[in-house]
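1. kindly return the folded structure for what I paste below:
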Amino acid sequence: MLYFAYGSNLNKHQMHQRCPSAKLLSVGYLNGYTLYYGGECIDWDNKAYLNIAKHDGGQVWGAVYQMSRADIKRLDGFEDVPRDYSRKLVRIHTGAKTLNAYVYLGHKVKRGVPSFKYRRTTLIGARADHLPKNYIASWL
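-> All right, here's what the predicted structure looks like:
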């Protein structure tokens, strides 16, 4: 199964702790969505974390992972599906091809500010995955 990570799950260390079978396949983007910080999470010092929402003209960059069905189910638990997130199949553009991958859409719409720890975890992953530098500078 394919999964599109756009927040702290960009961090390979975190992904392998959560989903041992996860293997990074590619960097790609999702059209028609935008990032925002929202919600509150005890794991991130009761601060906001990244979510995505539909937005005409928007584009969200991230990493495409291949993982087992069992690990997608484990990730559902980490993402608190269905309470905080829903999982949706979307089309991810990787440059060479378009892939169908699952993404998590947050139910929280209250905007917020992320913790230093969350931003650092996400930035480490985004840089290691080689997301575009201008995207990292403007969003993360």
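
2. can you spell out which helices and strands pack onto the strand or helix carrying residue 56?
-> Here residue 56, judged by DSSP states H and E, is contained in strand 47-66. Using 3 or more CB pairs under 8 Å, 6 or more residues apart in numbering; DSSP states H and E, the elements in contact with strand 47-66 are strand 2-5, strand 23-41, strand 98-106, helix 116-128. In this view, the C-beta of every residue, glycine as well, is placed from N, C-alpha and C.

3. in it, what counts as buried?
-> Neighbour-count burial for strand 47-66, with 16 or more other CB atoms under 10 Å as criterion, is recorded at 47-52, 60-66.

4. and the residue lying farthest from the centre of the chain, what is it in contact with?
-> Distance from the C-alpha centroid of the chain, by CA atoms, centre = their mean, peaks at residue 96 (20.8 Å). Neighbour list for residue 96: residue 26 [criterion: CB atoms under 8 Å, 6 or more residues apart in numbering].

5. can you classify it by secondary structure?
-> Here residue 96 is recorded as coil under DSSP: H, G, I helix; E, B strand; the rest coil.

6. so for it, what pLDDT did the model give?
-> With respect to pLDDT, residue 96 scores 84.

7. measure it to residue 25 for me?
-> Note on residue 96: its distance to residue 25, by CB to CB, to the nearest Å, is 11 Å.

8. listing request: residues of this structure with sub-threshold pLDDT.
-> For the chain, the stretches with pLDDT under 70 are 42, 44-45, 108-109, 140.

9. thinking again about what came up before, go through the helices and strands packed on strand 47-66 and pick out the most buried.
-> Looking across these with neighbours counted as mean count of other CB atoms under 10 Å, the highest average goes to strand 2-5: a mean of 24.
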